[in-house]
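1. Next come a sequence and a model predicted from it.
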Amino acid sequence: MLSPILAAVLLLQGHSWAAVVPVLRSGAAGLVQMVGIRGWAGTPDHVLFSRVPFLSSLNALPGGSPVAQALRRSLDRAGLSFEDTAVLPTDQQARAVHAALDAAATAALGPAAVPPEAGLSERIARTADLRSAVRDLRAALSVLPGGRRQALEPGLAEAEAALDARFQALSRELVESKLKDIGENVRAAWNGRTADIPLEDGSVLSLKWHVDDARMAGEGSRMEEARRYGLSAPVALPPARGKPPVERERRFPKVQGPFGEALPYEGFLPYLKPKELAPGYQSYLNDRLAAEFTPAEKIALVQAAAFKAVDDMLLLFRNGLAHSTLMPLSHHGAHWEWDYWRWNQPFLGGMRYGPSFIQSWRKAFEYPNIRLSGLADFEHLEPWRYFEVEHRHPDHRKGMVRHDAYSMGIGQNLTELSFLLLHAGAVNRLSHGETARLVKDSILRYLRGVLPGETVAGLDERGILSAARSSSRRFRLVRAAWPALVLAGALGVAIPILAGAAAAGVLSNVVIAGLFGALVAHVGAGAGHAPFNLPGTVIDPLIMRAVKPAVELMRRNAGLVGLAAAEHPSGSPWRGRMGLLLAVAVPAAFFLPAALFGIGTAMSIKLIAMATGSYVAGPGLVYAAAGAGLALAAARLLRSVIAGLRRRSAGGSPSA
């Protein structure tokens, strides 16, 4: 019998209990079949509406207008299929849409479909969903004939107000009953600023404390918006006032006001995770699964969660949105971008034009915004225009990098999802082939949701599989060697600094000694930082031979050409070779004097180049070490001056 988490993931994918229970009893074989054959058509609104001519004027951009989005959601709830509607004559299409909306609006004016015997949390969730449905219907009424629209609008407005009042009252009842017990509630689990309180029916009430009321309200509205779009999002409850337990507030991040004062945590955003959402929402896609799962069950669970994330991304695509950060990647203090490519000359191998390294990669895999239940942290949902930016990357010497929703939105999302699948395969000991298939199937699932089948059929699936398998091998090699790299990096820091300090104390020329200490420490800082970088060579196959072809295919289908990074390559092959020269020759030149004193070593030079493929430095450590070297040189100079003055004083005295 498989776990409740797995059952929750399958239910969130849209399967009924009648279908899930037999599969759970049959084990992995039935489970693999279920998650493998289930699909979802994420066709964007502007394509759907183009098949129904009288609606095409509602939708001029991908994602469409708010009216178009509300209409599509209302028709989905009414069970009207665009595929069936599109084959009807135009006049019958209009009648079919009008009849579906009229029936949905009439039903919404009847008694609310919330069973009185349902628990408090279930009544809250159902009331919130009914309120969203009525709001969509009110926005979609504009396509109905004038007389019928005017007849329905007052009743729908009254129904929305009644549902909102009921939702507010039920939310207050739940939050107030739990807030007074938060201090001594031993069952509450704390995650940073959030307290998770389990409820009797299996739901979880979360209280997330804020110091910024506007941001708190914005996060709640984004969560409500995501749920309205059909994502598996918690139910955002009205923001409330109240202080957390004192012993907990001491552990919260300190936030300073405009005058440097510490801002108090006096407000919180409550949100409800229904019982079918709570188990999966508490677990991350790349978590290590319990040992009780067989390898086949682990594959099925990771695949089901990945497919749910893809389906959520497709729902966002249909509504003209994308998630701006599925995991916290960084590069030189900026957000790491999958389509920032440059020439690199690794220590071993030929020239490579591709992605750059990722800083602090181990931390980037912690707490991603993909759970077993799908996407999470919905405050990061952004409209497509958010991703249409032009900026200068910190490592670009010339030219601007241009992004759009295909590159910065979809491409970045597919890359980050693929990274998490590589990590999930590693921590759960899946084979490279199984991990690669998870990556390939997830990318293809997304493409099939936004492109015609014959277009996707032209993609090189074997190439994607081979690229994902290659990156999986390289990723696990770096992950396994990480402790050794940390030790080597520590030695790479200590040895050059000691060499610089020793040289500063021995060399007679204090200027040369100071420069030597600074530059050798610069090399040492690079060695210490290198183990925390994920080299670009690890992810190069995945990005250049899997994600890049997929994004290019979507761009070509949309009438666009090329990719921003490909149009503005950073530097040239000669710059890559110059980087290798600087990474090896310059440190070697300054290690030579240290070697003469018996302290220097060439080992750290090789470690730097092999780990990063470039010359990397940590400024703070560099300046500290440089200051130490110069301080030693200055101390020697001062001792020399004092000794000279003493000799001169002794030589000029009468007693001499």
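-> Cool, the structure landed.
2. Could you list the low-pLDDT ranges of the stretch 101-250 of the chain?
-> 111-117, 181-187 (pLDDT under 70).
3. ok, which stretches of it are strands?
-> 189-191, 194-198, 204-210, 235-236, 240-241 (DSSP state E, counting those that start in this stretch).
4. is it possible to export the ones you listed to CSV including distance to residue 366 and mean neighbour count?
-> Every C-beta, even on glycine, is put in place using the N, C-alpha and C of the backbone. Shown next, in CSV, are the strands of the stretch 101-250 of the chain (distance: least, Cβ to Cβ, whole Å; neighbours: other Cβ atoms under 10 Å):
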stretch, distance to residue 366, mean neighbour count
strand 189-191, 12, 13
strand 194-198, 16, 18
strand 204-210, 18, 22
strand 235-236, 25, 24
strand 240-241, 29, 12
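5. Can you say which of the ones you listed is nearest to residue 223?
-> Nearest to residue 223, of all the strands of the stretch 101-250 of the chain, is strand 235-236, at 4.0 Å by Cβ to Cβ.
6. Check which helices and strands that closest one sits against.
-> Packing partners of strand 235-236 (3 or more Cβ pairs under 8 Å, 6 or more residues apart in numbering; DSSP states H and E): helix 120-140, helix 213-229, strand 267-273.
7. so which of the ones you listed comes closest to residue 180?
-> Nearest to residue 180, of all these, is strand 267-273, at 13.5 Å by Cβ to Cβ.
8. hmm, back to that, what about the strands of the stretch 101-250 of the chain, which gets the closest to residue 300?
-> Once those are compared by Cβ to Cβ, strand 204-210 is nearest, at 24.7 Å.
9. Give me the sheet partners of the closest one and which way each runs.
-> According to DSSP bridges, strand 204-210 has the following sheet partners: strand 194-198 (antiparallel), strand 267-273 (antiparallel).
10. Residues touching that strand, excluding its own?
-> Contacts to strand 204-210, defined as Cβ atoms under 8 Å, 6 or more residues apart in numbering, come from residues 121, 174-175, 178-179, 182, 193-199, 216, 219, 234, 244, 249, 252, 265, 267-273, 278, 281-282.
11. and the angle from it to helix 213-229?
-> Interaxial angle, strand 204-210 versus helix 213-229 (axes from the mean of the first three to the mean of the last three Cα atoms, to 10 degrees): 150 degrees.
12. in the chain, what secondary structure element scores lowest on mean pLDDT?
-> Ranking every helix and strand in the chain by mean pLDDT, DSSP states H and E puts helix 28-37 at the bottom, with a mean of 38.
13. Give me the buried positions along stretch 454-471.
-> Across stretch 454-471, burial judged by 16 or more other Cβ atoms under 10 Å covers 456, 459, 464-471.
14. any chance of those in CSV, plus secondary structure and pLDDT?
-> Below are the buried residues of stretch 454-471 laid out as CSV (DSSP: H, G, I helix; E, B strand; the rest coil; pLDDT from 0 to 100):
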residue, secondary structure, pLDDT
456, helix, 90
459, coil, 90
464, helix, 96
465, helix, 96
466, helix, 96
467, helix, 96
468, helix, 96
469, helix, 96
470, helix, 95
471, helix, 95
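15. which of these lies closest to residue 305?
-> The closest of the buried residues of stretch 454-471, once distances to residue 305 are taken by Cβ to Cβ, is residue 468, at 17.2 Å.
16. isn't that closest one right next to residue 434, touching?
-> No: judged on Cβ atoms under 8 Å, residue 468 makes no contact with residue 434 at a distance of 10.5 Å.
17. So for the closest residue to residue 470 other than its chain neighbours, what pLDDT did the model give?
-> Of all residues not flanking residue 470 in the chain, residue 541 sits nearest, at 4.1 Å (Cβ to Cβ, 6 or more residues apart in numbering). Confidence at residue 541, expressed as pLDDT, is 94.
18. Tell me who's in contact with residue 541.
-> With Cβ under 8 Å, 6+ apart, residue 541 has these contacts: 466-468, 470-471, 474.
19. Same check on residue 412?
-> 326, 337-338.
20. Let me know the closest of these to residue 146.
-> residue 326 (44.9 Å).
21. Do a quick rundown of the helices in the stretch 201-350 of the chain.
-> Assigned helices in the stretch 201-350 of the chain, in chain order: 213-229, 246-249, 278-281, 295-318 (criterion: DSSP state H, counting those that start in this stretch).
22. in the second one, what's buried?
-> This means helix 246-249. residue 248.
23. Find the nearest non-adjacent residue to residue 441, please.
-> Nearest non-adjacent residue to residue 441, counting by Cβ to Cβ, 6+ apart: residue 303, 7.0 Å away.
24. Could you measure from that neighbour over to residue 372?
-> Going from residue 303 to residue 372 by Cβ to Cβ, to the nearest Å gives 11 Å.
25. same question, residue 282
-> According to Cβ to Cβ, residue 282 stands 8 Å off from residue 372.
26. Which one's more surrounded, the two?
-> residue 372 (25 against 19; other Cβ atoms under 10 Å).
27. Might one say that the more buried one is in contact with residue 286?
-> No: between residue 372 and residue 286 there is no contact under Cβ under 8 Å: 10.2 Å.
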